[in-house]
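>>> Task: produce atomic coordinates for the following.
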Amino acid sequence: MEQVTLPKDEFIFVTCEPKYFDWYFDDRVMSSKVIYRNFHAVVPKVQSSRIQQKVNYWTEKIDTDRLKSKSTENTERPPNVIVLGIDSTSRLNFQRSMPKTIDILRKIGSHEMLGYTKVGENTWPNIVPLNTGYDTSEFSNVCYFSRQTKLDSCPFIWNEFSAANYLTAEIQDSPRRNSWNFEKTGFVEPPTDFYFRPFMLAVHMNAGFYPEHLDCIGYQTVEETIWQYIQTIAEFSQTQSTPIFIMSWLTELAHDSLNSLQFGDNSLSIILKNMFQNGVFNNTILIVTSDHGFRFGGVRETLAGYYEDKLPNLWIRLPQTVIQKFPQWETSLDINSRRLTSVYDVYKSFSHILNTYNNSSANFQKRSNFEERNYGTSLFKIIPSERSCENAGIPDSYCACHFPIRLPIDDVRLRRAAESALQELNSQIPLECYKLTLQGIKGGAILNEIKIGNSEDLIVEFITSPGDFVLEATVTRYSPSNYQGDGIFQVKQNIQRLSKFISEVNCISDQKLQLYCLCR
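Residues are numbered from 1 along each chain as shown. The predicted structure is shown next:
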């Protein structure tokens, strides 16, 4: 009988060579006798002391509660929270590309949040509030002082779930474009009980040339590997009667192509179906979300693309265990699905869960003892119908409540707005880059009517020379009563680049300014 080796590690690299007939593998023909090579992520039989301590806590708590109540009625553990994030996915593109997944989400009772709006241009200003409740400037003041600052001491939401004796997991697919490592130091110590970065680093390094992007890990796609791993650790938490918080994020699936999201539909729908049938969702709050829509290319230059960029995907599903105990949560979700919401509300929902299911652990402090966040209302409470973008923490540039009123391309206000945007850009661009001039106007609109103080917000799309960059700027035009001329133009928020990168920018390191730099 063959000897069976039980893995002691969470991540395993397996290679197989022939035991018999190795003469068949002629060194002159084949450089290696390896007939199988693959990486595997599993839950080992022997757990870390931190994980075992949490499992023991819940085992003892459930036993104690049963003895006190002499029934199982009061022995329910708090719900799991599983976040499945997919980068660059608008609500409408999720509908176009993921019909099987949407069918499962609807069948299991999920709510699609129709008014969910991004709060920043790219991933970083959206994923920071999702995980901390802070905007990026507040986050920098609290713990992220420079790119060299490690993130270990930052107040991530998984730390608070961990203090409440939840198992925790942080899972991302891309080592290079990982949210916490791209142009940053990242974590020195594993931030959660299950941390997937070492696995993906090993996979990429084993490729031999450390690729920017990988489609597959062995016989599976990257997303299949990650979603199956999520299912594995969720099932482990279920068998151990220990709640788990999982924060996962896929960058590579949809980041670089509007059409590539569809390739994840079948595998995600299967995983969701399996977890539902296996009972994982019996006590799990499921969140399927994104940070923003597709931000580059021809589609983004259309009116539909303008809105899709601002309106990312968000679905939330409550289990029956939560609905029976708090029916108002389900009612609020249903109402809020047609209200204006943002990522700050998702964070406040995490806090709501923690406060509601406070298990009186000595390590856990109620959220009210933490510094208050400026924005957000729990999605399990009814959000006012008259809510504004400002109240939701959504800057004007990303607010989808303004309907643009198209202006003629030759409108002098559009040219002045583009010129003022370029003037601001050129004041920031270093000498290593060419200064930009206006090649032409592609389109523009008024975002709102004349306001008090004779001001109006304009949006203008234009092309630069050199570089042929397609840029979009939101500019406020002031027309004081005693002012002679076209008005005073002031750029609002960031200037967005809509055209894709054709080549890397190596002459400067500033990630933001690289968007507008053509190296000399």
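>>> Quick one: residues contacting the residue lying closest to D256 once chain neighbours are set aside.
Nearest residue to D256, sequence neighbours excluded (Cβ to Cβ, 6 or more residues apart in numbering): H213, at 7.4 Å. All C-beta atoms are positioned from the backbone trio N, CA, C, and that covers glycine. Residues near H213 by Cβ atoms under 8 Å, 6 or more residues apart in numbering: 174, 252, 256.
>>> give me the number of residues near the last one?
Going back to what we said before, that points to D256. Look at D256: counted by other Cβ atoms under 10 Å, it has 16 neighbours.
>>> Repeat that for the one 4 residues further on.
If you count neighbours by other Cβ under 10 Å, S260 ends up with 15.
>>> quick one on the thing from earlier: out of the contacts of H213, which comes closest to M113?
E252 (24.5 Å; Cβ to Cβ).
>>> burial measure for the closest one, as a count.
Look at E252: counted by other Cβ under 10 Å, it has 21 neighbours.
>>> That one reaches L214, doesn't it?
Yes. Counting by Cβ atoms under 8 Å, E252 touches L214, with 7.4 Å between them.
>>> Which residues are in contact with each of these two?
By Cβ under 8 Å, 6+ apart, the residues touching both E252 and L214 are V222.
>>> right, and out of the contacts of H213, which lies closest to Q231?
Out of these, the member with the shortest distance to Q231 (by Cβ to Cβ) is E252, at 19.6 Å.
>>> which ones are touching that closest one?
Taking Cβ under 8 Å, 6+ apart, we find E252 in contact with 173-174, 177, 213-214, 222.
>>> what's next to stretch 407-421, contact-wise?
By Cβ under 8 Å, 6+ apart, the list of residues contacting stretch 407-421 reads 438, 441-446, 458, 460, 462, 471, 473, 475, 477, 486-487, 489-491, 495.
>>> Please apply the same query to stretch 217-228.
37-39, 41, 84, 171, 173, 196, 203, 214-216, 248, 250, 252-253, 263-264, 267-268, 271.
>>> Weed out the non-buried ones from those residues.
38-39, 41, 84, 171, 173, 196, 203, 214, 248, 250, 252-253, 264, 267-268, 271 (16 or more other Cβ atoms under 10 Å).
>>> can you give me the strands for the stretch 1-150 of the chain?
11-16, 36-41, 80-86, 111-112, 115-117 (DSSP state E, counting those that start in this stretch).
>>> How far off centre is the second one?
When you say that, I think you mean strand 36-41. 27 Å (Cα atoms, centre = their mean, to the nearest Å).
>>> packing partners for that strand?
On a contact count with 3 or more Cβ pairs under 8 Å, 6 or more residues apart in numbering; DSSP states H and E, strand 36-41 meets strand 11-16, helix 197-206, helix 222-239.
>>> do that again at 10 Å, thanks
When contacts are defined as 3 or more Cβ pairs under 10 Å, 6 or more residues apart in numbering; DSSP states H and E, strand 36-41 packs onto strand 11-16, helix 197-206, strand 216-217, helix 222-239.
>>> Over to the shortest one?
Based on contacts counted as 3+ Cβ pairs under 10 Å, 6+ apart, the elements that strand 111-112 packs against are helix 91-97, helix 99-107, strand 314-317, helix 327-336.
>>> per-residue confidence averaged over the first one?
For helix 91-97, the per-residue pLDDT values average out at 97.
>>> Now do the buried residues in that helix.
Those would be 91, 93-94, 97, for helix 91-97 by 16+ other Cβ under 10 Å.
>>> Out of those residues, which is nearest to L515?
Using Cβ to Cβ, the buried residues of helix 91-97 come closest to L515 at N93, 22.4 Å.
>>> which residues of this structure score low on pLDDT?
By pLDDT under 70, the low-scoring segments of the chain are 1-2, 20-32, 69-75, 209-211, 359-371, 449-453, 483-484.
>>> Check the contacts of stretch 407-421 for burial and list the buried ones.
441-446, 458, 460, 462, 471, 473, 475, 477, 487, 489, 491, 495.
>>> Strand 80-86 and the helix or strand hosting W249, what's the angle between them?
Using DSSP states H and E, W249 maps to strand 244-250. Relative orientation of strand 244-250 versus strand 80-86 (axes from the mean of the first three to the mean of the last three Cα atoms, to 10 degrees): 0 degrees.
>>> Neighbouring strands of strand 244-250 in the sheet, and parallel or not?
With DSSP bridges as the test, strand 244-250 is paired with strand 80-86 (parallel), strand 167-172 (parallel).
>>> Run the angle between the last one and helix 222-239 for me.
Using the same axes, to 10 degrees, one finds that strand 167-172 and helix 222-239 are set 180 degrees apart in direction.
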